[in-house]
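Enquirer: Predicted model follows, preceded by the sequence.
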Amino acid sequence: MIVTPSLYAGIDVGSTKNALCCLGASGQRLDKGKLCANNLPGAQAIEAQLAQLCQTHYPQHLIVGTEATSFYDFHVLEFLAASEKLAPFSPVLYRINPKLIKHFKKGYPEGHNTDETAAFFIADFLRFGRLPHPFNAKMEYLPLQRLTRFRAHVSRQITVEKNYFLSHLFLKFSAYQQVRPFSDTFGATSQAVIAEFFSVDDIAQLSMEDLVRFICEKGKNRFPHPEQVVEKIKQVARESYRIRPALAESVSLVLAMSWQNIRALEQTLKEMDKAIENAFAAFPNTLQSVPGLGPVYSAGIFAEIGDINRFAGDAQLAKLAGLAWKRNQSGKFEAQETHLMNAANTHLRYYLIEAANSLKNHNPEYRAYYQKKYQEVRQHQHKRALALTARKLVRLVYALLKKQQLYQSH
């Protein structure tokens, strides 16, 4: 019987297959490598291999790791976490940021890049330590996290689709965004103008009176001064480029289809907000006591943090969210302008930034803080002030969740 203090198992996961590599505490190879399908029988084969090695070497610690590549490693980690064969060896599982493995590889001489070598690098990374928090296979907040992450995905898709729409709007009415006849380009009346007028010449040829009636009808008489709106629309017609009728027809169709996509995505977002609010009601928390935070942003932040006790302080939480600044110092030189960390939980950073943007509009304390930070510099004012406001929010979130206290304004 050979006894080893620890057994490190790296699994390189893919959509169709997984590669296993097991190392001892001193880096010695304990197996010949195993390539299995990424399905239930494949996971059972990995389980059997690990169980056999544990029975041979009797490790004090069984440490298993994968790269956090989409969802490809999710099922195998869930399976191994629930394994009765491995339970006597108290396995600890990790999902590792692929960027960390990529940088770790650079410390080795160049060699082959295969599934087996990738599994080796994961196992060796586990052996060197400095690991993230272990994978928790029984996360009660995982269903909520799936909802909040999908909502973030939909929100980003809306932004992409709106930018696509605006790029084609420039082809049809090039001066539309410059003149801005409506405060909301994507409002109902604005969309009626874009959709129902084939070209700028159609607008130019229409009388002021007819255009005023059109605006009043489409806007349901909500505009206090429709004549001013019409004058701006006429200005758009005067200042926009003219395009060929055939191109105008194609662009109009693209804009109509893109607008349908935007409306569908916005309806999806509304439905997701309701689903998130209902799911979040099952989790006792104090985040919603913050004016301006709301249930959706609270849920998004909560679902990414999970157990607050795994963080030693708000600085560690901020680092996870990428709301920490890189220090650039050499000798007596200390850079004044620094950048946010790239390695981060992008979902957590998204919800913290969105929440900070909401707080600066609806919470007096955070509005004052944002304005103070905005006025401190002349460049990147909004981005800097919003990031610092989000960092301030991290301290509040940590305190509320850690102490289970309600928000109290200063």
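Expert: That came in fine, so what should we check first?

Enquirer: the helices in the stretch 151-300 of the chain, which residues?
Expert: With DSSP state H, counting those that start in this stretch as the criterion, the stretch 151-300 of the chain has helices at 176-179, 188-196, 200-205, 208-218, 226-239, 245-280, 294-305.

Enquirer: average pLDDT across stretch 58-74?
Expert: Averaging pLDDT along stretch 58-74 gives 89.

Enquirer: end-to-end on it?
Expert: By C-alpha to C-alpha, to the nearest Å, the extent of stretch 58-74 from end to end equals 27 Å.

Enquirer: give the contact list for the closest residue in space to residue 178 that isn't next to it in sequence.
Expert: Spatial nearest neighbour of residue 178, excluding adjacent residues (C-beta to C-beta, 6 or more residues apart in numbering): residue 239 at 7.3 Å. C-beta coordinates here come from the backbone N, C-alpha and C atoms, glycine included. Under the criterion of C-beta atoms under 8 Å, 6 or more residues apart in numbering, the neighbours of residue 239 are 174, 175, 178, 179.

Enquirer: quick one: residue 239 from residue 199, how far?
Expert: 14 Å (C-beta to C-beta, to the nearest Å).

Enquirer: number of nearby residues for residue 60?
Expert: Neighbour count of residue 60, defined by other C-beta atoms under 10 Å: 12.

Enquirer: Which phi and psi values does it adopt?
Expert: As for residue 60, its main-chain torsions (degrees, to the nearest 10) stand at phi -70, psi -30.

Enquirer: Nearest spatial neighbour of it, chain-adjacent residues omitted?
Expert: Among residues not flanking residue 60 along the chain, residue 5 sits closest, at 5.3 Å (C-beta to C-beta, 6+ apart).

Enquirer: do residue 143 as well
Expert: Residue 143 sits nearest to residue 279 (C-beta to C-beta, 6+ apart), 6.6 Å away.

Enquirer: okay but that neighbour is in contact with residue 144, surely?
Expert: Yes - counting by C-beta atoms under 8 Å, residue 279 does reach residue 144; the two are 4.9 Å apart.

Enquirer: Check residue 24 and give its pLDDT.
Expert: If you check residue 24, the pLDDT there is 91.

Enquirer: Start the count at 18 instead of 1 going forward.
Expert: Done: numbering now begins at 18, and the last item shifts to residue 41.

Enquirer: Contacts only, for it.
Expert: 21, 23, 24, 25, 47, 74 are the contacts of residue 41 under C-beta under 8 Å, 6+ apart.

Enquirer: out of those, who's nearest residue 173?
Expert: Closest approach to residue 173 among the contacts of residue 41 (C-beta to C-beta): residue 25, at 36.8 Å.

Enquirer: Quick check: bridge partners of that closest one?
Expert: Counting by DSSP bridges, residue 25 is bridged to residue 40, residue 80.

Enquirer: Could you count how many residues lie near it?
Expert: Using other C-beta under 10 Å, residue 25 is surrounded by 25 other residues.

Enquirer: tell me the contacts of it?
Expert: Contacts of residue 25 by C-beta under 8 Å, 6+ apart are 39, 40, 41, 42, 80, 82, 140, 141, 143, 144.

Enquirer: Can you tell me which of the residues you listed are buried?
Expert: By neighbour count, with 16 or more other C-beta atoms under 10 Å, those hold 39, 40, 41, 80, 82, 140, 141, 143, 144 as buried.
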